[in-house]
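Asker: what would the 3D arrangement of this be:
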Amino acid sequence: MTIATGYDRAAHAQANAGAEGVAMRFGGFSFGSWHESESHGEVLAQMVELAVQADRLGLDSFWLGEHHFSRHGILADTMVMAAHIAARTERIRIGTAVIVLPLHNPVRVAEQVAIVDHLSGGRVDVGVGIGYQQREFAGLGVDIDEARVRFIESLDVMVRAWTEEPLIYEGEHVRIAEEDAISVYPKPLQQPHPPIYQAVSTTPASIDLAASRGLPVIVGGPTDVLGRAPEVIAHWRERMRAHDRDPEGYDLPCLQNVFVAESDEAAYAELERIDASWSLRVLREVGSPIGRDGSVPEGYEHWVQRWQQRELASGEAARTDVPQLFGSPDTVASQVQALRDQGVEHVFGRFTIPGVPFERVQRSLELFATEVVPRFHEGRPAPPPVAVEAATAPG
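Answerer: Have a look, this model is predicted:
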């Protein structure tokens, strides 16, 4: 079995020869946090409007995150939203960050992604993850102790559905017998399939799994509780080399919370007008794999340890609800430069802060796109988002 890396790494290496710096890639992100000041419909409509605005302003990508059963995120179906955004936009790439694979039938995921890939003109990027919220697994009738095995099998089946015919699979949780072999249609527009990414936190086993498959990683976000995304990228590069893979030339999106205002003072004033602890409180309610009885699911031991470290931390490092990229355009540019200096070449931002009026969120995105992003577009071209190179994967 093979999994395409998602980027023309040979072209990237050629462009890189003798050049200095890289033209960074930037995007937006939402999973639809529902604050009580807004209706469900307003949250979903604003998500679409942000994607349309990002497309108009020239950002490279807009990513969608799946969540269930809480105010933390009400986007329960990323592919439905991706299809709608594809119809409203012209050029921006539409990614998932992520589809929680263990919660789904992987054949259905393959079908849905392929349809949206065609409808969008080949603009889909597929970020997948193992998942971490106990409430979501329980509510959908999936044992979180099986999450890792289900993820591996689902990833295999999804790729084979796009690349093999007929599809036969014998796994612990997914079984398609030879006499029941199927052909999955349509095949994606991007060949052999859309770019695939695996979201990781800081769990060594997850990082190693991605590296063993030659998959680029998505880092950052709510589970990056201590701001260690650059460390995760460095560790992924180490594990890639350990698996005899060249880590260069991969696109590695890094999710950051973003809020840009005309000045630092204006940014802080905006936060003072809202309940800045809202996101953190909601995440504490739902954002854990720990069972009601206090049990820790298999494979999540490191996740729980990291969460406890965040609870013991103090100051800005512990406040995941306060944007990592925050302040005036000059201040945010310096923060982006710090990420760049640590090896981050693709930043996609969650611009929505629950409780901040949507027009201020839109203004923040506009300032970011017009006054921050252009400072990082000089340099060699980043690798084009085309799935062209196959990396051997176990399976």
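Asker: what are the boundaries of the helices in the stretch 1-150 of the chain?
Answerer: Applying DSSP state H, counting those that start in this stretch to the stretch 1-150 of the chain gives helices spanning 9-16, 40-57, 78-88, 106-119, 134-139, 147-163.
Asker: any stretches of the stretch 1-150 of the chain with poor pLDDT?
Answerer: 1-21 (pLDDT under 70).
Asker: go again with 50.
Answerer: 4-19 (pLDDT under 50).
Asker: still on that earlier bit, turn the helices of the stretch 1-150 of the chain into CSV, columns for distance to I176 and mean neighbour count.
Answerer: Every C-beta, even on glycine, is put in place using the N, C-alpha and C of the backbone. Shown next, in CSV, are the helices of the stretch 1-150 of the chain (distance: least, C-beta to C-beta, whole Å; neighbours: other C-beta atoms under 10 Å):
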stretch, distance to I176, mean neighbour count
helix 9-16, 32, 16
helix 40-57, 35, 18
helix 78-88, 21, 19
helix 106-119, 8, 21
helix 134-139, 23, 19
helix 147-163, 8, 23
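Asker: tabulate those (TSV), appending distance to S364.
Answerer: Shown next, in TSV, are these (distance: least, C-beta to C-beta, whole Å):
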stretch	distance to S364
helix 9-16	31
helix 40-57	10
helix 78-88	19
helix 106-119	28
helix 134-139	29
helix 147-163	34
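Asker: among those, which is nearest L283?
Answerer: Closest approach to L283 among those (C-beta to C-beta): helix 134-139, 11.9 Å.
Asker: indicate which one of the helices of the stretch 1-150 of the chain is closest to F26.
Answerer: Going by C-beta to C-beta, the one of the helices of the stretch 1-150 of the chain nearest F26 is helix 40-57, 8.9 Å.
Asker: what is that closest one packed up against?
Answerer: Applying 3 or more C-beta pairs under 8 Å, 6 or more residues apart in numbering; DSSP states H and E, we find helix 40-57 packed against strand 25-30, strand 61-64, helix 78-88, helix 358-367.
Asker: export these to CSV and tack on distance to A199?
Answerer: Output for the helices and strands packed on helix 40-57, formatted as CSV (distance: least, C-beta to C-beta, whole Å):
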stretch, distance to A199
strand 25-30, 12
strand 61-64, 10
helix 78-88, 12
helix 358-367, 22
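Asker: what's the closest of these to V332?
Answerer: Minimum separation from V332 across these (C-beta to C-beta) falls at helix 358-367, 8.3 Å.
Asker: the closest one vs strand 25-30, what angle?
Answerer: 170 degrees (axes from the mean of the first three to the mean of the last three C-alpha atoms, to 10 degrees).
Asker: now do the buried residues in helix 358-367.
Answerer: R360, V361, Q362, R363, S364, L365, E366, L367 (16 or more other C-beta atoms under 10 Å).
Asker: give the contact list for the second one.
Answerer: By that I understand V361. Q46, L50, F351, T352, I353 (C-beta atoms under 8 Å, 6 or more residues apart in numbering).
Asker: can you rerun that using 6 Å?
Answerer: Applying C-beta atoms under 6 Å, 6 or more residues apart in numbering, we find V361 in contact with F351, T352.
Asker: what's around A369, how many residues?
Answerer: Using other C-beta atoms under 10 Å, A369 has 20 other residues around it.
Asker: pairing partners for the one helix or strand Q198 maps to, with directions?
Answerer: Assigned by DSSP states H and E, Q198 belongs to strand 196-199. Paired strands of strand 196-199, with direction, are strand 124-129 (parallel), strand 217-220 (parallel) (DSSP bridges).
Asker: give the next helix or strand downstream of it.
Answerer: helix 204-212.
Asker: what angle do that following helix and helix 147-163 make?
Answerer: Relative orientation of helix 204-212 versus helix 147-163 (the same axes, to 10 degrees): 20 degrees.
Asker: figure out how far helix 204-212 is from the centre of its chain.
Answerer: For helix 204-212, the gap between its own C-alpha mean and the chain's C-alpha mean amounts to 16 Å (C-alpha atoms, centre = their mean, to the nearest Å).
Asker: flag every buried residue along it.
Answerer: For helix 204-212, burial by neighbour count (16+ other C-beta under 10 Å) applies to S206, I207, D208, L209, A210, A211, S212.
Asker: closest to G343 out of the helices of the stretch 1-150 of the chain?
Answerer: Closest among those, using C-beta to C-beta: helix 9-16, at 13.9 Å.
Asker: picking up where we left off before, which residues sit against the strand holding Q198?
Answerer: With C-beta under 6 Å, 6+ apart as the test, strand 196-199 has contacts from V98, V126, G127, G129, A210, L215, P216, V217, I218.
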